[in-house]
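Pasted the sequence and its predicted model underneath.
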Amino acid sequence: MKFPLFIAPLVILVFGIPLHSFAQSAPAAAVVPQVAVSGVKFSWARSDSDSWLESEVELEVRPGGKAVTGEFVDHVRTTLSLACEAANAKGEVRTVFYRASCEAITLEGGKAQVRFYLPPEVVRRDKLRADVKFYAVDLDVGGEPQPAARGAIAPDLKTSERVKNFRDKVGAEAVANEGLLLPQHLTPFAHDPQRRSPTVLRREAQR
């Protein structure tokens, strides 16, 4: 809307509205996630006589914003952060934090599963259970963070403040357990036909 020059000062004085406020601004374009977390589940995985704690992250892959087979999203990095209750020989309970990442070379549109494991020795030592209540999954595509979907955050982390506190604790304490939470390709389940998984980028192959 344009105002004659003699009316413009009145608009500013009477209504307190700058003229530029009448300009129609274009709405900001919504960020379309290429990959989103649809769910996380925990269970026991058996290898010979050992039990590994399995974390399965289910992804919905949406090349160009749509889950279309035959189209792909490259360089999808999944980072899982966990907080587990651990008990020592005296029965004393503490919270331990773990974090691990893996990067899929490419994912086809549709569903994909990315898995991480805590080894049986750690499970036995810390008396870990499969009812993990606190977790968060972060995704990026080609280094670009993806918006967090509801399934990426544990239901018990109900508020943004709780999520922030959780991430702060992971950042401070997960380093003490670095290398304990293993992506699937570093475990006995790497070629398990019942647990199909994406091919991951192996940095050592680039040397």
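That came through, no problem. Residues are numbered from 1 along each chain as shown.

where in the chain is pLDDT low?
Low-confidence segments of the chain, defined by pLDDT under 70: 1-31, 204-207.

Would you map the strands across it?
35-47, 50-61, 72-87, 93-108, 110-118, 134-141, 144-145, 182-183 (DSSP state E).

For the fifth one, buried residues please.
In other words, strand 110-118. Buried residues in strand 110-118, counting neighbours by 16 or more other C-beta atoms under 10 Å, are found at 112, 114, 115, 116, 117, 118. Every residue, glycine included, has its C-beta placed from N, CA and C.

Just name the closest of those to residue 86, please.
Nearest to residue 86 among the buried residues of strand 110-118 is residue 118, at 10.4 Å by C-beta to C-beta.

partners of the closest one in the sheet?
Counting by DSSP bridges, residue 118 forms beta bridges with residue 53.

Which one of the strands of the chain lies nearest to residue 156?
With C-beta to C-beta as the measure, strand 134-141 is the member of the strands of the chain nearest residue 156 (6.0 Å).

For that closest one, which outside residues touch it?
Contact with strand 134-141 is made by 33-37, 40, 55, 57, 59, 73-83, 145-146, 148, 151-154, 156-157, 163, 166-167, 170, as judged by C-beta atoms under 8 Å, 6 or more residues apart in numbering.

okay, it in CSV with CA atoms only?
Extracted C-alpha coordinates of strand 134-141, given in CSV (Å, rounded to 0.1, in the frame of the first residue of the first chain):
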residue,chain,number,x,y,z
PHE,A,134,17.0,-41.7,27.4
TYR,A,135,18.3,-41.4,23.9
ALA,A,136,18.6,-39.0,21.0
VAL,A,137,19.4,-39.4,17.3
ASP,A,138,21.0,-36.7,15.2
LEU,A,139,21.1,-36.9,11.4
ASP,A,140,23.0,-35.0,8.8
VAL,A,141,23.1,-35.3,5.0
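
Could you check how far it is from the centre of its chain?
A distance of 1 Å separates the centroid of the chain from that of strand 134-141, by C-alpha atoms, centre = their mean, to the nearest Å.

got it, and stretch 115-130?
With C-alpha atoms, centre = their mean, you get 21 Å for stretch 115-130.

Stretch 108-125 too?
Counting by C-alpha atoms, centre = their mean, stretch 108-125 comes out at 14 Å from the chain centroid.

got it, and stretch 67-79?
For stretch 67-79, the separation from the chain centroid amounts to 14 Å (computed by C-alpha atoms, centre = their mean).

So what sits opposite residue 95 in the bridge?
Applying DSSP bridges to residue 95, the residues it is bridged with are residue 85.

Could you check how far it is from residue 85?
Noted for residue 95: a distance of 6 Å to residue 85, by C-beta to C-beta, to the nearest Å.

I'd like the strands of the chain written out as a markdown table, with distance to residue 196 added.
Converted to a markdown table, the strands of the chain look like this (distance: least, C-beta to C-beta, whole Å):
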| stretch | distance to residue 196 |
| --- | --- |
| strand 35-47 | 14 |
| strand 50-61 | 12 |
| strand 72-87 | 15 |
| strand 93-108 | 12 |
| strand 110-118 | 7 |
| strand 134-141 | 19 |
| strand 144-145 | 26 |
| strand 182-183 | 14 |
